[in-house]
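Participant: Kindly generate the corresponding structure for this input.
(chains A and B)
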Amino acid sequence: AQTVTQSQPEMSVQEAETVTLSCTYDTSENNYYLFWYKQPPSRQMILVIRQEAYKQQNATENRFSVNFQKAAKSFSLKISDSQLGDTAMYFCAFMKGSQGNLIFGKGTKLSVKP
Amino acid sequence: EPEVTQTPSHQVTQMGQEVILRCVPISNHLYFYWYRQILGQKVEFLVSFYNNEISEKSEIFDDQFSVERPDGSNFTLKIRSTKLEDSAMYFCASREDKIKQYFGPGTRLTVL
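Facilitator: The predicted model follows:
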């Protein structure tokens, strides 16, 4: 069975600084996808970024980028130029193949301080 | 951008009662999901639905749960006899052929 581990329950960062959230996963699959979802206080789940396991290049979306280390089964999220609106829970998620369900980690609560 | 909608936003029920949570997926989407999140915990997969049948379900999704797509637009989750531990946020999600799952805003279920 696949597992996703987020070892940082809470983190804080000053506005405009950079922060990295950690995620590791365990799988024997070769074809899978990894995601970071943001959950603000409204509790809506918002996709931040995704990575295909077969791609070596790290995904980027504006201020958000990942460091995908397939051999180490590590998938960290870097947020650059942090903004107050980035304050939220961040969940790392794994999907087997291209049609499976999402398996989530326990989340990291990020607070961006002015 | 099209959105997944869910109703009601908050449902309060007595233990042992039946509840139906409703979702309207994005219209051209083919795959549908229910997830739940107990307060302060991680999001957990319940069930996936494709081509009018369940394609996968977790061990949480026992005989008390059922899903239905009654009219081609709605996607419902029924809990037959609610328990206190069913109190959670329930998220519906949908996707077309591509990878991204679009989540609804959730229904907060409170069982008293």
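Participant: okay, CA-based contacts and neighbour counts for the rest of this
Facilitator: Noted.
Participant: Residue B:17 - how many residues pack around it?
Facilitator: Applying other CA atoms under 10 Å in any protein chain shown, we find 12 residues neighbouring residue B:17.
Participant: er, residue B:1 I mean
Facilitator: Using other CA under 10 Å, residue B:1 has 3 other residues around it.
Participant: Quick check: buried residues in stretch A:104-114?
Facilitator: A:104-112 (16 or more other CA atoms under 10 Å in any protein chain shown).
Participant: now it: how far from the chain's centre is it?
Facilitator: In terms of CA atoms, centre = their mean, to the nearest Å, the centre of stretch A:104-114 is found 10 Å from the chain centre.
Participant: Let's see the distance spanning that stretch from one end to the other.
Facilitator: End-to-end distance for stretch A:104-114, by CA to CA, to the nearest Å: 29 Å.
Participant: is chain B contacted by that stretch?
Facilitator: Yes - counting by CA under 8 Å from any CA of the partner chain, chain B has neighbours in stretch A:104-114: A:104-107.
Participant: Of the buried residues of stretch A:104-114, which is the nearest to chain B?
Facilitator: Using CA to the nearest CA, the shortest approach to chain B within the buried residues of stretch A:104-114 belongs to residue A:106, at 4.5 Å.
Participant: The residue nearest to the spatial centre of chain B and residue B:54, how far apart?
Facilitator: Centroid-nearest residue in chain B: residue B:34, 3.5 Å away (criterion: CA atoms, centre = their mean). In this view, residue B:34 and residue B:54 are 11 Å apart by CA to CA.
Participant: Need the overlap of contacts for the two.
Facilitator: Residues touching both residue B:34 and residue B:54 (CA atoms under 8 Å, 6 or more residues apart in numbering or on different chains) are B:47-48.
Participant: Identify the residue spatially nearest to the residue nearest to the centre of chain B, adjacent ones excluded.
Facilitator: residue B:92 (4.6 Å; CA to CA, 6 or more residues apart in numbering or on different chains).
Participant: neighbours of that neighbour, just the number please.
Facilitator: Residue B:92, neighbours per other CA under 10 Å, totals 30.
Participant: Residue B:55 now?
Facilitator: Counted with other CA under 10 Å, residues neighbouring residue B:55 total 15.
Participant: and the gap between residue A:8 and residue B:12?
Facilitator: 33 Å.
Participant: meant to ask about residue A:56
Facilitator: Separation of residue A:56 from residue B:12 (CA to CA): 47 Å.
Participant: same check, this time on residue A:33
Facilitator: Residue A:33 is 36 Å from residue B:12, by CA to CA.
Participant: the more surrounded of these two?
Facilitator: Using other CA under 10 Å as the criterion, residue A:33 and residue B:12 rank with residue A:33 on top: 21 against 13.
Participant: Chain neighbours aside, what residue packs nearest to the more buried one?
Facilitator: Per CA to CA, 6+ apart, closest to residue A:33 is residue A:52, 4.7 Å.
Participant: wait, isn't that neighbour in contact with residue A:30?
Facilitator: No - applying CA atoms under 8 Å as the test, residue A:52 and residue A:30 come out as separate, 10.5 Å apart.
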